[in-house]
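[1] The following comprises the amino acid sequence and a computationally predicted model.
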Amino acid sequence: MFVKQISVFLENKPGQLGKITKTLREGSIDIRAFSIADTVEFGILRLIVNKPEQAAELLRNQGFTAQLADVLVAVMSDRIGAFDEIVSYLGENSIDVQYVYSFIGEIAATGRVAIRTDKMNEAYEVLKAKGIEISSQESI
């Protein structure tokens, strides 16, 4: 139902992102999706990987603050309005979207959008009821 996402706090200084990617590469962790939100002093890297618990532990062992959180990963067809449908369904059900980021899926002509809401279970039920395909950790 949900996909585990890793959120990593990193300082805005040269080499920080490279330390994370090197740690994951050396741990045989496959990065499937990522997003970085930043301020002047720090950033938050959000990752979807093939082995989230192992990746979080590897990063913690390197001194990074890494937390696991659940996100929904909705599949979108490549057409005008696909993303609007998803966010409209959530809004119509008083579900607050806290953040989103998109990435390409392995199914031809589809994309993925990772969604964190204030009501994760309700969001899942709303999107499933509307016929939106929800990805599992294994299918990403």
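    Structure received. Numbering: from 1, shown residues only.

[2] all contacts plus neighbour counts: C-alpha atoms, from now on.
    Noted.

[3] Hmm, Val97 is touching Arg116, no?
    Yes - using C-alpha atoms under 8 Å, Val97 makes contact with Arg116 at a distance of 6.1 Å.

[4] all strands for this protein, in order.
    3-11, 31-38, 42-49, 65-77, 97-104, 110-117 (DSSP state E).

[5] Can you give me the buried ones in the helix or strand bottoming out on mean pLDDT in the chain?
    Least confident element among the helices and strands of the chain, by mean pLDDT, DSSP states H and E: strand 110-117 (a mean of 88). Buried residues in strand 110-117, counted by 16 or more other C-alpha atoms under 10 Å: 111-117.

[6] For it, which strands pair with it and how are they oriented?
    Using DSSP bridges, strand 110-117 pairs in its sheet with strand 65-77 (antiparallel), strand 97-104 (antiparallel).

[7] Deepest in the core, which of those strands is it.
    Burial of those is given as mean neighbour count (mean count of other C-alpha atoms under 10 Å); strand 65-77 ranks first at a mean of 20.

[8] And that one, how far out from the chain middle?
    3 Å (C-alpha atoms, centre = their mean, to the nearest Å).

[9] what inclination does that strand have with respect to strand 42-49?
    60 degrees (axes from the mean of the first three to the mean of the last three C-alpha atoms, to 10 degrees).
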